[in-house]
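Peer 1: sequence first, then the predicted structure, then my questions.
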Amino acid sequence: METDDIRPRLREFCSVRAPGLADEDEIFEVGDVNSLFAIELLTFVEEAFGITLEDEDLEKKNFSSISAMAALVERKLNA
């Protein structure tokens, strides 16, 4: 997978709950984001990018923004 594809795919998924979300915006402070969305987001990230999230990956800092999530996905893909 091209790393250039990661951010646009994350933006598209998140835009349902947080329209206009910028890459550095704190996702849990913007838009209609709740615990159900968090679970949906975890599932999306695993399925869309073909990665498995481990317990140590499930820190809020890794999912706080599009940029943080993209960095996590890139790390997992390059591992």
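Peer 2: That came through fine.

Peer 1: for the spatially most central residue of the chain, what is the enclosing helix or strand?
Peer 2: Per CA atoms, centre = their mean, the C-alpha nearest to the average position across the chain is that of Met69, at 4.1 Å. Assignment of secondary structure by DSSP states H and E places Met69 within helix 66-78.

Peer 1: so which elements touch that helix?
Peer 2: In terms of contacts (3 or more CB pairs under 8 Å, 6 or more residues apart in numbering; DSSP states H and E), helix 66-78 is packed against helix 6-14, helix 35-49. In short, each C-beta sits where N, CA and C put it, glycine included.

Peer 1: how about the shortest one: buried residues?
Peer 2: Pointing back at helix 6-14 there. Residues of helix 6-14 classed as buried: 6, 9-11, 13-14 (neighbour count, 16 or more other CB atoms under 10 Å).

Peer 1: dump the residues you listed to JSON lines, plus distance to Ile27.
Peer 2: Shown next, in JSON lines, are the buried residues of helix 6-14 (distance: CB to CB, whole Å):
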{"residue": "Ile6", "distance to Ile27": "15"}
{"residue": "Arg9", "distance to Ile27": "15"}
{"residue": "Leu10", "distance to Ile27": "10"}
{"residue": "Arg11", "distance to Ile27": "11"}
{"residue": "Phe13", "distance to Ile27": "11"}
{"residue": "Cys14", "distance to Ile27": "6"}
